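**Student:** Mind folding the following:
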Amino acid sequence: MPPADRAPPGPPSSDPTIERWNRRYRARSERSASDKESPLADHSDLRDPHPFLPAQADLLPATGRALDIACGLGRNSIWLAGRGFDVTAVDGSSVACEHLDAVAAARSLPIELICRDLERDELPAGPYDAIVNTLYLQRSLAPRIEEILAAGGLLLFATYLEAGVAGRAAPRFELKPNELATLFPRLETLHYEEHDDVDRPWAGLAARKPSERPG
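**Tutor:** Numbers count the residues shown, from 1 in each chain. Predicted coordinates for the structure are as follows:
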């Protein structure tokens, strides 16, 4: 369970990209204030997790520590916490972090918020039994993800292919076909798929860190 006195998620960033996300999340929250059927109404986010996560749920350990990278409003974090994980959620948007922190407090969910600009700051220290990363691509994080994933731990990673990003974000956020399967050479690929969705093609990877062998 989370502590009674919750620490603030962290300081905001002055990065213009993060500020755009702050404005986007703030606008969504304001629109939802008068719409009680909205998933954001009353500081809740009832949307389902990214579909790749429940599709691979049988690969997850029964419990443990989980890291949600670029958590946004927290749909994946909430899903993981509901499955019994102690979740660390990281995002650069102070608006998103404050939203998810409020949800976690209201529902007594074991979610620790860290507001951190991943373009300049490291991921938190592990080890984590599960790491999820959806709809965010920062290739420089791959070695650190491998490092902080516990032996035997599971990575679930899903984000857009290049055709799903074109015209909507910078090219550095787009995956090339078959690229995702090569980003984590120290992990064992359990499942890889690419979806040629009409609007937003995406790829998904489930990979496990080999268990340490006794010396």
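**Student:** From here on, just use CA atoms for contacts and neighbour counts.
**Tutor:** Will do.
**Student:** check contacts around residue 129.
**Tutor:** Residues near residue 129 by CA atoms under 8 Å, 6 or more residues apart in numbering: 61, 64-66, 149-154.
**Student:** How about it: what's its closest non-neighbour residue?
**Tutor:** Closest residue in space to residue 129, ignoring its immediate chain neighbours: residue 153 at 4.4 Å, by CA to CA, 6 or more residues apart in numbering.
**Student:** Who are the contact partners of the one you found?
**Tutor:** 61, 128-131, 208-210.
**Student:** what's the distance between it and residue 204?
**Tutor:** Distance, residue 153 to residue 204, using CA to CA, to the nearest Å: 17 Å.
**Student:** now residue 123
**Tutor:** For residue 123 relative to residue 204 (CA to CA), the value is 21 Å.
**Student:** same thing with residue 66?
**Tutor:** 18 Å.
**Student:** in this protein, which spans are helices?
**Tutor:** With DSSP state H as the criterion, the chain has helices at 16-32, 52-55, 75-82, 94-107, 142-148, 162-165.
**Student:** Quick one: distance of stretch 132-145 to the chain centre.
**Tutor:** 9 Å (CA atoms, centre = their mean, to the nearest Å).
**Student:** Look up the pLDDT of residue 59 for me, please.
**Tutor:** In this prediction, residue 59 carries a pLDDT score of 98.
**Student:** Any idea how many residues pack against it?
**Tutor:** For residue 59, the count of nearby residues is 19 (other CA atoms under 10 Å).
**Student:** buried subset of the contacts of residue 129?
**Tutor:** 61, 65-66, 149-154 (16 or more other CA atoms under 10 Å).
**Student:** Columns distance to residue 72 on top of those residues, output as a markdown table?
**Tutor:** Rendered in a markdown table, the data for the buried ones among the contacts of residue 129 read as follows (distance: CA to CA, whole Å):
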| residue | distance to residue 72 |
| --- | --- |
| 61 | 23 |
| 65 | 19 |
| 66 | 15 |
| 149 | 21 |
| 150 | 24 |
| 151 | 27 |
| 152 | 27 |
| 153 | 23 |
| 154 | 21 |
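**Student:** Please save the CA atoms from stretch 58-68 in CSV.
**Tutor:** Extracted C-alpha coordinates of stretch 58-68, given in CSV (Å, rounded to 0.1, in the frame of the first residue of the first chain):
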residue,chain,number,x,y,z
ASP,A,58,0.3,-14.8,-19.0
LEU,A,59,4.1,-14.1,-19.3
LEU,A,60,4.1,-11.7,-16.4
PRO,A,61,5.2,-12.8,-12.9
ALA,A,62,2.5,-13.1,-10.3
THR,A,63,3.7,-10.1,-8.4
GLY,A,64,6.8,-7.9,-7.8
ARG,A,65,8.1,-4.5,-8.8
ALA,A,66,7.0,-3.0,-12.1
LEU,A,67,8.2,0.1,-13.9
ASP,A,68,6.0,2.0,-16.3
